[in-house]
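Enquirer: sequence first, then the predicted structure:
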Amino acid sequence: MSTAPRDDRRPASSAQYRGDIDGLRAISIAVVVVFHGGVDRFAGGYIGVDVFFVISGFLITGLLVREVDTTGSISMREFYARRIRRLLPLSFATIVATLVAGLWLLPPIARERLVDDARSASLYFANWRFAGQATTYSDTEVTDSLLVHYWSLAIEEQFYILWPLLIIGGVWIARRVGRAPGPILAVLLGTLGLASFVASVVITNREGFGAYYLTHTRLWEMAVGAGLAFAIPRLGNFKNHLPDLIGVLGLGLIAYAAITYDAATAFPGFAAVVPVLGCALVLISGSQRPGYVSRALAIAPMRLLGRLSYAWYLLHWPTIGVALLLRERYGWTSSVNAVTAAAIAVSLLLAWGAHHLIENPARHAHFLRNRTSRNFALGLALTIAPILIGGLLLANVDRGDRDVVLATGVTVQSPVTAANDEVTANPACHQEFSGTDTPDDCVFGDPDGLLTVLLLGDSHARQWVDAFDVLGRQQGWRVVSWTKSACSIVDAEIYLPSLERPYSECDTWRDNVVASAAAMERVDVVLLVRSAGYRRLVLDGERRVDEAEVEPFWAAAAERTAAAFAPIADRVVLSTDTPWPGFSAPECLSENGIDIAACNFDLETAVRDVALIEAESSVVPEFGIQMVDAVPLVCTTSPCTVVDPDGVILYRDSHHLTRTYTLTLLEELSTWVTG
């Protein structure tokens with residue numbers, strides 16, 4: 001998300017400063033911050049970035065078009081010099097401060113990732129870095145990446161490279177054909193915007209969260225703002241209270257998206273039309289004679305917050321992250337919500353100071369404004385410096401990338417290796433939050449195997465796919481697997497905290513799985529696997545069932561599941577989950593070095609789901625379904641260890657197993673199929 005500062009209070013002599021735009025910025029940064037603060041009411045607050053994109057397209061295009069009208073061309077040197085002065089000093093300071101704090105507070109295995117994030121932020125390709133990680137933005141924990149919010153700044157900088165060149169090209173074409181540049185620029189703008197919008201819809205529908213960070217799925221939003229810069233001067237004056245009606249409708253659309261959207265909303269795609277249209281209507285409303293809406297947006301507090309929006313945007317996310325890391329390190333008793341709220345308040349104060357001490361002085365520095373070359377020298381220095389500083393700091397801290405040696409002399413894989421030791425099976429066979437498909441090509445093992453095994457469940461089922469793929473090739477089994485994040489294969493209605501609502505997509509996916517399984521020509525064995533994380537998430541209508549009361553509800557759900565799958569195969573197996581240590585094993589090992597015993601955990605205190613297991617045990621055997629206990633797969637000693645005797649780390653996080661470890665359990669897993 002981005003709140004790039006306006007180019008000047010009065011960008012050109014013919015342009016009037018619009019206080020309502022600063023007010024619109026204030027609304028946008030406010031919904032972004034409360035969204036990041038975890039306020040349930042604003043689960044769609046991420047749409048604030050779309051409003052900023054439209055504003056940026058509008059202001060930048062207006063500036064460039066006025067320059068063309070005034071001088072007949074665009075000075076790229078002056079344009080980028082202004083960008084450098086306005087964006088880079090504060091961006092540099094934020095990145096470096098975050099690096100220093102993060103490398104001090106983060107677990108060793110997370111330090112190199114932070115430096116890589118800082119590099120991508122400095123070079124303005126952060127959006128492509130995070131797109132490659134295929135993690136939904138709404139589900140990203142602040143301590144996972146202290147700089148993830150730089151993705152939107154990267155897109156804006158990429159727009160700043162593309163759009164001036166496109167305008168220059170349009171002006172050149174106009175001169176060559178002897179026509180006015182306006183219509184040609186409109187065609188180029190419309191073509192770019194339409195192509196980007198189509199790409200946004202298609203890619204969002206096909207890839208879901210993977211579309212969120214992409215440049216080409218976002219350019220149309222800035223193109224809408226650019227189109228307004230051409231269109232608004234030609235609209236003329238509206239009559240009566242029409243501007244206010246338009247403004248109220250625009251604000252209503254923005255509020256609707258911020259309140260009703262959530263992590264499961266397919267975004268950007270068609271859903272982004274609502275906040276983009278809302279912003280466009282507010283900009284049109286404010287272009288008319290002053291009305292109620294434009295005057296309300298332009299009151300002093302709104303204008304002040306709008307002026308601070310760029311600094312507040314840059315600083316609020318890492319400030320929240322650092323505060324939560326401090327809470328964890330020093331054992332503060334304050335709740336996460338209280339610490340987050342305090343961090344947001346502190347970040348606003350920091351933004352005020354940064355605006356006056358860094359942002360404004362750099363923007364108005366005479367020694368930079370008087371000589372363009374100095375801006376480019378400064379820009380180069382501020383771009384390279386965080387990369388060098390990050391590398392220097394990283395070279396002098398533990399990165400968790402060193403192998404650990406057991407007392408027996410056995411070498412343990414490094415914590416970093418373990419944290420990245422994930423399943424490699426076809427990711428299309430695993431549905432994220434919005435997906436409900438059961439793809440046809442999710443076949444592993446021996447495609448021509450005489451025995452067909454169906455592996456179903458959530459991410460804790462997916463963690464076994466590679467192991468059953470190897471087993472299938474060894475034993476001649478045809479393995480089909482469909483899995484979905486945070487979705488229990490047991491037929492209970494689930495509340496998903498990250499969506500802050502019932503997980504209806506899980507219900508749909510589960511129905512599709514049953515239908516697809518029943519339609520298969522032959523299924524010999526069905527393996528049902530779920531995580532232990534549903535104890536407090538079961539719904540009874542709109543009510544979340546208390547953990548102490550969950551057993552009868554889960555028993556009824558297990559009975560429905562058993563009735564659905566028992567007719568499909570001769571052998572149906574329901575596995576309990578492996579115990580959760582309650583902490584990230586790689587992080588613990590990276591922080592404790594050779595003291596591996598510090599990461600041992602007691603089975604009695606591990607995260608388990610005894611009530612759910614008892615509920616299942618009371619009903620599924622009646623349907624001929626066998627239950628298998630997965631605890632001995634990871635815990636055969638007291639206390640349980642997170643490293644096996646051969647030096648393999650069991651967990652890649654706080655509950656998922658490493659791929660390497662699952663491949664050591666082939667003999668045990670084969671009994672799930674053969675009995």
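Expert: Arrived safely, thanks for sending. Source: prediction; values computed, not measured.

Enquirer: which of the helices or strands spans Ala258?
Expert: Remark: Ala258 resides in helix 242-260, with elements defined by DSSP states H and E.

Enquirer: confirm Thr483 sits in a helix?
Expert: No. Counting by DSSP: H, G, I helix; E, B strand; the rest coil, Thr483 is not part of a helix but strand.

Enquirer: now for the nearest residue to it once chain neighbours are set aside, how many residues are close by?
Expert: Nearest non-adjacent residue to Thr483, counting by CB to CB, 6 or more residues apart in numbering: Arg462, 4.1 Å away. Bear in mind the C-beta positions are built from the backbone N, C-alpha and C, glycine included. Arg462 is flanked by 24 other residues according to other CB atoms under 10 Å.

Enquirer: ok, Arg462 touching Ala425?
Expert: Yes. Here Arg462 lies in contact with Ala425, judged by CB atoms under 8 Å, at a distance of 7.1 Å.

Enquirer: mind listing the shared neighbours of these two?
Expert: Common contact partners of Arg462 and Ala425 (CB atoms under 8 Å, 6 or more residues apart in numbering): Ser481.

Enquirer: do a quick rundown of the strands in the protein.
Expert: 404-405, 411-412, 430-431, 443-445, 451-457, 477-484, 495-496, 501-502, 525-529, 539-540, 543-544, 571-575, 626-628 (DSSP state E).

Enquirer: reformat those as JSON lines; add mean neighbour count, distance to Phe267 and mean pLDDT.
Expert: JSON lines is the format used below for the strands of the chain (neighbours: other CB atoms under 10 Å; distance: least, CB to CB, whole Å; pLDDT from 0 to 100):
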{"stretch": "strand 404-405", "mean neighbour count": "17", "distance to Phe267": "42", "mean pLDDT": "60"}
{"stretch": "strand 411-412", "mean neighbour count": "16", "distance to Phe267": "41", "mean pLDDT": "68"}
{"stretch": "strand 430-431", "mean neighbour count": "22", "distance to Phe267": "17", "mean pLDDT": "92"}
{"stretch": "strand 443-445", "mean neighbour count": "23", "distance to Phe267": "31", "mean pLDDT": "97"}
{"stretch": "strand 451-457", "mean neighbour count": "24", "distance to Phe267": "27", "mean pLDDT": "97"}
{"stretch": "strand 477-484", "mean neighbour count": "25", "distance to Phe267": "19", "mean pLDDT": "97"}
{"stretch": "strand 495-496", "mean neighbour count": "19", "distance to Phe267": "17", "mean pLDDT": "85"}
{"stretch": "strand 501-502", "mean neighbour count": "16", "distance to Phe267": "16", "mean pLDDT": "84"}
{"stretch": "strand 525-529", "mean neighbour count": "23", "distance to Phe267": "30", "mean pLDDT": "97"}
{"stretch": "strand 539-540", "mean neighbour count": "14", "distance to Phe267": "25", "mean pLDDT": "90"}
{"stretch": "strand 543-544", "mean neighbour count": "12", "distance to Phe267": "26", "mean pLDDT": "88"}
{"stretch": "strand 571-575", "mean neighbour count": "22", "distance to Phe267": "35", "mean pLDDT": "96"}
{"stretch": "strand 626-628", "mean neighbour count": "15", "distance to Phe267": "40", "mean pLDDT": "95"}
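
Enquirer: got these as TSV, with distance to Val514 columns?
Expert: Putting the strands of the chain into TSV (distance: least, CB to CB, whole Å) gives the following:
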stretch	distance to Val514
strand 404-405	45
strand 411-412	42
strand 430-431	15
strand 443-445	19
strand 451-457	9
strand 477-484	11
strand 495-496	20
strand 501-502	19
strand 525-529	10
strand 539-540	20
strand 543-544	25
strand 571-575	12
strand 626-628	19
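
Enquirer: rewinding a little: and the residue nearest to Thr483, what does it touch?
Expert: Counted by CB under 8 Å, 6+ apart, Arg462 has contacts 423, 425, 430, 481, 483.

Enquirer: what's the spacing between the second one and Lys484?
Expert: If you measure Ala425 against Lys484 using CB to CB, to the nearest Å, the figure is 14 Å.

Enquirer: sketch out the low-pLDDT regions of the stretch 251-400 of the chain for me.
Expert: Within the stretch 251-400 of the chain, the segments meeting pLDDT under 70 span 400.

Enquirer: count of residues packed around Arg371?
Expert: Neighbour count for Arg371, taken as other CB under 10 Å: 12.
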